[in-house]
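Undergrad: Sequence plus the predicted model coming up.
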Amino acid sequence: MNNGVRDLFICLSKNKILNQGAKRWGLRVGAQHVVAGTNIEEMIQSVKKLNVTGISCTIDNLGEFIKNREEAVEAKEQIIDVIDAIKDHGVDAHISLKPSQLGLDIDYTFCLNNIREIIEKASQLNLFVNIDMEDYERLDASFTIVEELSQKYDNIGTVIQAYFFRAKEDIKRWKNLRLRIVKGAYKESEEVAYQKKDEIDNN
């Protein structure tokens with residue numbers, strides 16, 4: 001995906017009306033290729049099909065940049081329902097979550113408590129939770145959540161984005177956690193991130 005198209009989709013993701021529309025109609029315009037389903041039953045069936053081929057799955061409840069407490073709580077409850085479904089159906093899968101979906105842009109402690117509740121539930125059922133990283137603006141707060149929760153829980157991991165200059169240091173800092181390494185998907189300043197594909201690939 002070229003930078004212009006990527007930037008457009010990032011902008012759209014932050015628009016509440018368009019974001020809601022994408023959740024409602026996205027599957028009709030091609031998103032079915034990357035979305036496991038619009039409800040838990042569809043998701044579980046998709047995961048079972050992938051498991052048969054030897055693929056382990058991560059489940060991400062779509063949505064980010066939430067500004068409303070009620071929506072954040074609803075997202076938390078949906079993720080907990082997914083955790084229960086993973087365990088009930090015995091599928092090979094774990095959870096990925098985004099702090100901004102769970103209230104990071106509303107209040108840090110509110111977000112931390114929502115994520116803690118999810119991780120506590122997953123810990124009881126022996127399931128792994130991956131705490132995703134988002135844009136640079138939210139990076140330090142998200143890593144602080146990882147740091148706080150990793151002091152008590154050992155079923156969590158996080159993400160390192162290779163386009164950040166700080167990526168190697170973050171890998172060293174979190175070397176004792178399970179890490180997912182990605183290139184990075186947000187539009188970031190040249191002051192904090194590599195801009196060219198080959199530079200990101202090399203990093």
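TA: Sure thing, it's come through.
Undergrad: Give me the contacts around the lengthiest helix in the chain.
TA: Counting by DSSP state H, the longest helix found in the chain is helix 69-89. Outside helix 69-89, the residues within contact range by C-beta atoms under 8 Å, 6 or more residues apart in numbering are 40, 43-44, 47-48, 59, 61, 63, 66, 93-95, 97, 101-103, 106, 110-111, 114, 117-118, 121-122, 125, 127. The C-beta positions use only the backbone N, C-alpha and C, and glycine is treated the same way.
Undergrad: please redo it, this time with the cut-off set to 7 Å
TA: Residues from elsewhere that reach helix 69-89 (C-beta atoms under 7 Å, 6 or more residues apart in numbering): 40, 44, 59, 61, 63, 66, 93, 95, 97, 101-103, 106, 110, 114, 117-118, 121-122, 125, 127.
Undergrad: end to end, how far does stretch 100-116 reach?
TA: End-to-end distance for stretch 100-116, by C-alpha to C-alpha, to the nearest Å: 14 Å.
Undergrad: do the same with stretch 151-158
TA: Start-to-end, stretch 151-158 (C-alpha to C-alpha) is 14 Å.
Undergrad: Show me what counts as buried in that stretch.
TA: Neighbour counts over stretch 151-158 (16 or more other C-beta atoms under 10 Å) mark 155-158 as buried.
Undergrad: Let me know the pLDDT of residue 72.
TA: Note for residue 72: predicted pLDDT of 97.
Undergrad: Which element, helix or strand, includes the residue sitting furthest away from the middle of the chain?
TA: Distance from the C-alpha centroid of the chain peaks at residue 198, with 25.0 Å (C-alpha atoms, centre = their mean). In this assignment (DSSP states H and E), residue 198 forms part of helix 197-202.
Undergrad: what's the answer for residue 119, then?
TA: Assigned by DSSP H and E, residue 119 belongs to helix 108-124.
Undergrad: helix or strand right after that helix?
TA: Sequence-wise, the next helix or strand downstream of helix 108-124 (DSSP H and E) is strand 129-131.
Undergrad: Does that following strand pack against any helices or strands, and if so which?
TA: When contacts are defined as 3 or more C-beta pairs under 7 Å, 6 or more residues apart in numbering; DSSP states H and E, strand 129-131 sits against strand 93-97, helix 108-124, helix 139-150, strand 156-161.
Undergrad: residues of stretch 187-196 that come out buried?
TA: Residues of stretch 187-196 classed as buried: 188, 193-194 (neighbour count, 16+ other C-beta under 10 Å).
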